[in-house]
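Chemist: Based on what follows, work out the 3D shape:
(one chain, ligands or ions: 1)
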Amino acid sequence: MESVIELHRLTKKYDEYTAVNQLDLTIYRGEVFGLLGPNGAGKTTTILMMLGLTERTDGEVKVLGLDPNHHAITIKSKVGYMPDDIGFYDDRTALDNLVYTAKLNGIKEKQARQQAEQLLARVGLSEAAQKKVSAFSRGMRQRLGLADVLIKQPEIIILDEPTLGIDPEGVRELLELISQLSKEEGITVLLSSHHLHQVQQVCDRVGLFVKGELVACGNIEQLSNTLNQDNHITVELEVHGDSNTLSAALEALDQVVSVQLSSQPAKANSSTTAFSVRCTEDITSTIAKLATEHAELIKIHRLSYGLDDIYHRYFEGGETHETAAKAK
Ligand SMILES: Nc1ncnc2c1ncn2[C@@H]1O[C@H](COP(=O)(O)OP(=O)(O)OP(=O)(O)O)[C@@H](O)[C@H]1O
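Modeler: Below is the predicted model:
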């Protein structure tokens, strides 16, 4: 996999305050990567250092193989950046704004118009092309912002809180668009957000930021494993019938750590039993087979941790490398 952004021990201090602390991160071509973290976690500062818009205190940054401190202009031509407060000429139309950006990027008038019209169609704003941006809703502005970063045909787009202040339907549409762009055009997308559900919907991998540190990084499954430190898997099942022999059979399996009766039959005359089985590896199918041999299987599923659990643990617990290390 080709890396397009590489950060090594990247650090930013504002006087005594450390906004970003020794960040190591690699982002690969074509992926949608989410920087997830609460306000003040250091996401924007990290983005600004990638773009050469703020100087780092220490560490290394490579964007498309270049150091932003020395090649900010080349990087700017290849990386589209949409800040959380995009500025447009509000008294000009959407089309004019895009044509203006295109020309700034060296595209000739005729081609600029053509590209602007195509992009407006792409982001679903064709009908609003001749409307002044002052009349745009927040969602429309964000879609126009996306068109604006795409006009220079970037290799990477960086979106800072792109869904801020948009209604749920607008969020869904914008995320779908971002996902399509990445898949169809092979654009690498880096987006920052503090909305875990949105990040979960659209990102291939996620980096969790807390107080300037990357406390965990990976796809949702890897993050779940990080959370589940002993790497045990829990399988829950419900059966009708003889629960005692099934329980004994489950306990006899090598991979089973514990078998718990998680609920008693709901009614006195009911013979439904719910089990929670902790295992060292995923043996859901073996458990299902045993359950059907010894009783009547009603339902079975493997428990998995979602971003919700991860978010609560890291963000609300305020866990950092130090506390994580102590916990190990
Ligand atoms: N120019 C600055 N001078 C001093 N401190 C700053 C400056 N810019 C950012 N900070 C501080 O650095 C920390 C990280 O800020 P940053 O904007 O990177 O966080 P963020 O994760 O992007 O949060 P948000 O979601 O609120 O944008 C914050 O505590 C912020 O107050």
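Chemist: Quick check: bridge partners of the residue nearest to residue 154 when sequence neighbours are not counted?
Modeler: Using Cβ to Cβ, 6 or more residues apart in numbering and skipping residues adjacent in sequence, the residue nearest residue 154 is residue 80, 3.8 Å away. Where C-beta positions appear, they are placed from N, C-alpha and C, glycine not excepted. Here residue 80 sits in beta bridges with residue 157, as judged by DSSP bridges.
Chemist: Residue 80 and the ligand, how far apart?
Modeler: 18 Å (Cβ to the nearest ligand atom, to the nearest Å).
Chemist: What residues does that residue make contact with?
Modeler: Applying Cβ atoms under 8 Å, 6 or more residues apart in numbering to residue 80 gives the contacts 148-150, 152, 154, 156-158.
Chemist: And the strands in the stretch 201-328 of the chain?
Modeler: Secondary structure of the stretch 201-328 of the chain, counting by DSSP state E, counting those that start in this stretch: strands at 205-210, 213-218, 233-240, 256-263, 272-279, 296-302.
Chemist: Turn those strands into CSV, including distance to the ligand.
Modeler: Converted to CSV, the strands of the stretch 201-328 of the chain look like this (distance: least, Cβ to the nearest ligand atom, whole Å):
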stretch, distance to the ligand
strand 205-210, 6
strand 213-218, 11
strand 233-240, 33
strand 256-263, 39
strand 272-279, 36
strand 296-302, 34
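Chemist: for those strands, which one ends up most surrounded?
Modeler: Highest mean neighbour count of the strands of the stretch 201-328 of the chain: strand 205-210, a mean of 24 (counted as mean count of other Cβ atoms under 10 Å).
Chemist: In stretch 36-49, which residues are buried?
Modeler: 36-37, 41-49 (16 or more other Cβ atoms under 10 Å).
Chemist: so where is the stretch 51-200 of the chain shaky, pLDDT-wise?
Modeler: When residues are selected by pLDDT under 70, none of them lie in the stretch 51-200 of the chain.
Chemist: show me where it has strands.
Modeler: 58-63, 79-82, 156-160, 188-193.
Chemist: Output those in JSON lines, with distance to residue 130 appended to each entry.
Modeler: Converted to JSON lines, the strands of the stretch 51-200 of the chain look like this (distance: least, Cβ to Cβ, whole Å):
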{"stretch": "strand 58-63", "distance to residue 130": "36"}
{"stretch": "strand 79-82", "distance to residue 130": "23"}
{"stretch": "strand 156-160", "distance to residue 130": "26"}
{"stretch": "strand 188-193", "distance to residue 130": "29"}
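Chemist: Tell me which other helices or strands the lengthiest helix in the chain touches.
Modeler: Longest helix in the chain, counting residues (DSSP state H): helix 168-185. Judged by 3 or more Cβ pairs under 8 Å, 6 or more residues apart in numbering; DSSP states H and E, helix 168-185 is in contact with strand 32-36, helix 138-150, strand 188-193, helix 196-202.
Chemist: picking that back up, dump the strands of the stretch 201-328 of the chain to a markdown table, plus distance to residue 186.
Modeler: Below are the strands of the stretch 201-328 of the chain laid out as a markdown table (distance: least, Cβ to Cβ, whole Å):
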| stretch | distance to residue 186 |
| --- | --- |
| strand 205-210 | 16 |
| strand 213-218 | 22 |
| strand 233-240 | 35 |
| strand 256-263 | 44 |
| strand 272-279 | 39 |
| strand 296-302 | 33 |
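Chemist: can I get these in JSON lines with mean pLDDT?
Modeler: Output for the strands of the stretch 201-328 of the chain, formatted as JSON lines (pLDDT from 0 to 100):
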{"stretch": "strand 205-210", "mean pLDDT": "89"}
{"stretch": "strand 213-218", "mean pLDDT": "88"}
{"stretch": "strand 233-240", "mean pLDDT": "90"}
{"stretch": "strand 256-263", "mean pLDDT": "84"}
{"stretch": "strand 272-279", "mean pLDDT": "90"}
{"stretch": "strand 296-302", "mean pLDDT": "92"}
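Chemist: any idea which of the helices and strands packed on helix 168-185 is most buried?
Modeler: By mean count of other Cβ under 10 Å, the helices and strands packed on helix 168-185 have strand 32-36 as the most buried, with a mean of 27.
Chemist: just the CA coordinates of that strand, formatted as CSV?
Modeler: Presented in CSV, the C-alpha positions along strand 32-36 are these (Å, rounded to 0.1, in the frame of the first residue of the first chain):
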residue,chain,number,x,y,z
VAL,A,32,-11.1,7.3,3.9
PHE,A,33,-9.5,8.1,7.3
GLY,A,34,-11.3,9.7,10.2
LEU,A,35,-9.7,11.8,12.8
LEU,A,36,-12.1,11.3,15.7
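Chemist: does any part of that strand sit near the ligand?
Modeler: No: judged by Cβ under 6 Å from any ligand atom, strand 32-36 makes no contact with the ligand; its nearest approach is 7.8 Å.
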